[in-house]
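>>> output the structure for:
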Amino acid sequence: MADVILIDESEFTEQELSLAYNLVPQIDIFDLNLVLNYGMEPQKKLSESSDKILSQIKTKDLEDIDRIFESLTASFNSLRTDSASLNSPIGFIKRNATNTLIIEYNKIKNNIEEIIARLRDYQLTIMQDMDFLKKILKTNKKYYKEISLYILAGQKRIAQFEETPKTFQHLDTFRRRLNNLAVSRTVVMQNIAQVEMLLATDTRVLERISTIINVTIPLLKNQISINNIVSAKQTLVNLKKAP
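Numbering: from 1, shown residues only. Predicted coordinates:
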């Protein structure tokens with residue numbers, strides 16, 4: 001059977017390496033129960049950690065945020081301040097058109113506040129998820145170290161034995177156990193990459209939300225106010241000319 005991947009000792013601190021070295025003489029390859037359960041604790045914790053990622057983290061997408069904002073821009077773009085009714089020579093038609101426009105503006109203002117509230121809720125959820133993800137990332141890096149140290153100690157223990165008829169069967173069983181740990185080590189590396197990717201996505205979503213709340217919406221509010229002033233002035237002029 002091929003040996004498991006070699007562990008780079010430069011990944012560890014002196015304190016961590018001393019833990020591995022102290023573990024080596026405690027490994028009894030002739031104790032089947034010890035061999036079968038060797039390194040099991042971080043493996044179990046790793047499995048639980050993976051389940052938490054799947055059950056607690058919601059998929060987030062920048063498109064979700066854009067869809068929320070599109071509903072606002074669509075309603076704003078639907079406003080027509082150049083309606084023929086505003087230029088009607090008949091006074092009550094002009095007044096009705098003005099009232100309709102004011103009602104539509106108020107709807108949009110209310111819509112803006114609702115969207116800001118939704119975005120802030122979304123923002124809070126993402127920040128809570130990010131806190132959780134950071135804890136998961138820290139924990140997974142710890143499991144990665146622990147599993148690597150078990151593999152390192154196991155390899156050093158194997159190196160102390162000669163392949164003899166007495167030891168061959170036991171060494172072969174222990175090597176399989178180390179290979180099993182190596183698979184878990186690969187899984188935890190993938191988990192770390194996945195969590196880092198989720199954190200990067202969350203960061204981009206938060207940046208997008210911040211831009212919408214602090215830049216885009218204030219500009220839009222300002223545009224609405226300006227349009228309101230222009231529309232109101234034009235309406236007053238029209239009403240003065242009305243019969």
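
>>> tell me the gap between the host helix or strand of residue 192 and the middle of its chain.
Here residue 192, judged by DSSP states H and E, is contained in helix 165-211. Centroid displacement of helix 165-211 relative to its chain, using C-alpha atoms, centre = their mean, to the nearest Å, is 18 Å.

>>> check which helices and strands it sits against.
On a contact count with 3 or more C-beta pairs under 8 Å, 6 or more residues apart in numbering; DSSP states H and E, helix 165-211 meets helix 32-36, helix 40-56, helix 62-77, helix 91-159. C-betas here are computed from N, CA, C, even on glycine.

>>> the longest one to helix 165-211, inter-axis angle?
Okay, so that is helix 91-159. On the basis of axes from the mean of the first three to the mean of the last three C-alpha atoms, to 10 degrees, helix 91-159 is oriented at 160 degrees to helix 165-211.

>>> elements contacting helix 91-159?
Partner elements for helix 91-159 (3+ C-beta pairs under 8 Å, 6+ apart): helix 14-23, helix 40-56, helix 62-77, helix 165-211, helix 217-241.

>>> pLDDT (mean, whole number) over it?
The average pLDDT for helix 91-159 rounds to 81.

>>> how far away is the residue nearest the centre of the chain from residue 206?
Ranked by distance to the mean C-alpha position of the chain (C-alpha atoms, centre = their mean), the top residue is residue 198 at 3.4 Å. From residue 198 over to residue 206 the distance is 13 Å, taken as C-beta to C-beta, to the nearest Å.

>>> go through stretch 17-27 and flag the buried ones.
Residues of stretch 17-27 classed as buried: 17, 19-20, 23-24, 27 (neighbour count, 16 or more other C-beta atoms under 10 Å).

>>> cool, stretch 121-138 as well?
For stretch 121-138, using 16+ other C-beta under 10 Å, the buried residues are 122-123, 126, 129-130, 133, 136-137.

>>> tell me, how many residues neighbour residue 15?
7 (other C-beta atoms under 10 Å).

>>> please report how far it lies from residue 152.
Distance of residue 15 to residue 152, given as C-beta to C-beta: 14 Å.

>>> and residue 192, by the same measure?
19 Å.

>>> ok, the nearest residue to residue 145 once chain neighbours are set aside - how many residues close by?
Nearest non-adjacent residue to residue 145, counting by C-beta to C-beta, 6 or more residues apart in numbering: residue 16, 6.5 Å away. Neighbour count for residue 16, taken as other C-beta under 10 Å: 16.

>>> do I have it right that residue 16 meets residue 149?
Yes - here residue 16 reaches residue 149: they are 6.3 Å apart, a contact under C-beta atoms under 8 Å.

>>> mutual contacts of these two, please.
Shared contacts of residue 16 and residue 149 (C-beta atoms under 8 Å, 6 or more residues apart in numbering): none.

>>> picking that back up, between residue 192 and residue 152, which has more neighbouring residues?
residue 152 (24 against 16).
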